[in-house]
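Asker: Sharing a model prediction with you, sequence too.
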Amino acid sequence: GAVVSQHPSWVICKSGTSVKIECRSLDFQATTMFWYRQFPKQSLMLMATSNEGSKATYEQGVEKDKFLINHASLTLSTLTVTSAHPEDSSFYICSARDARTGLQPQHFGDGTRLSIL
Amino acid sequence: LAKTTQPISMDSYEGQEVNITCSHNNIATNDYITWYQQFPSQGPRFIIQGYKTKVTNEVASLFIPADRKSSTLSLPRVSLSDTAVYYCLVGDLGGSYIPTFGRGTSLIVHP
């Protein structure tokens, strides 16, 4: 079945560091991927829609200069948290689906736990 | 975008059948209903998807009434490992679908 791989699974870094998270669709091509953020005991909050070959669409309240999204190929989207601060610590999750083959569901990566010291 | 409403939490015991209902009163004609399971520190995992009536797979059943304004996820004979948060999502899979999560239902299975 469709698999979405996310890397790294866990990051700890100092405040002010930029962190890149990768999301790959392993056995299908995805023109659209989604990025979410999840705080403890809360639901997934959509941050942005990543569109292959074009600019990402950000949800209201999400700083596009803070969370840089690049979707350079049909199998890879990256989220870069620039100049990360402790309040950016969260669980980041990506998703994608194979839209070529009918009514396929979204598949999600296993998430990236980001901790900023 | 169809809004979904689920119970915040449910408790059950091992071996019991668990039914989680999701309300989606403004579901659109082309919308499908998809259920996901999420364990702590993991991404959501696809469980089942349907459009109408009943869908069954190896882990669950999905019941959708004729008006499609609600759906019920049925987990037969739950075990401790079924303790998780369950989300129902509604959207047009054939269109520009943006998967949006509600609060989900936290299911706790007791020994």
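Answerer: In hand now; what should we look at?
Asker: Just list the residues touching B:N19, thanks.
Answerer: Going by Cβ atoms under 8 Å, 6 or more residues apart in numbering or on different chains, B:N19 touches B:72-75. All C-beta atoms are positioned from the backbone trio N, CA, C, and that covers glycine.
Asker: any chance of those residues in a markdown table, plus pLDDT, distance to A:F28 and secondary structure?
Answerer: Listed next are those as a markdown table, based on pLDDT from 0 to 100; distance: Cβ to Cβ, whole Å; DSSP: H, G, I helix; E, B strand; the rest coil:
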| residue | pLDDT | distance to A:F28 | secondary structure |
| --- | --- | --- | --- |
| B:T72 | 98 | 30 | strand |
| B:L73 | 98 | 26 | strand |
| B:S74 | 98 | 29 | strand |
| B:L75 | 98 | 28 | strand |
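Asker: Of these - the most surrounded one?
Answerer: When neighbours are counted by other Cβ atoms under 10 Å in any protein chain shown, B:L73 leads the contacts of B:N19 with 26 neighbours.
Asker: what is that residue paired to in the beta sheet?
Answerer: With beta bridges defined as DSSP bridges, B:L73 has these partners: B:I20, B:L62.
Asker: For it, give its distance to chain A.
Answerer: When Cβ to the nearest Cβ, to the nearest Å is the yardstick, B:L73 and chain A sit 14 Å from each other.
Asker: again, but for B:N30
Answerer: Counting by Cβ to the nearest Cβ, the gap from B:N30 to chain A is 10 Å.
Asker: Just give me the neighbour total for the residue lying closest to that residue once chain neighbours are set aside.
Answerer: Of all residues not flanking B:N30 in the chain, B:D92 sits nearest, at 4.4 Å (Cβ to Cβ, 6 or more residues apart in numbering or on different chains). Close neighbours of B:D92, defined as other Cβ under 10 Å, add up to 16.
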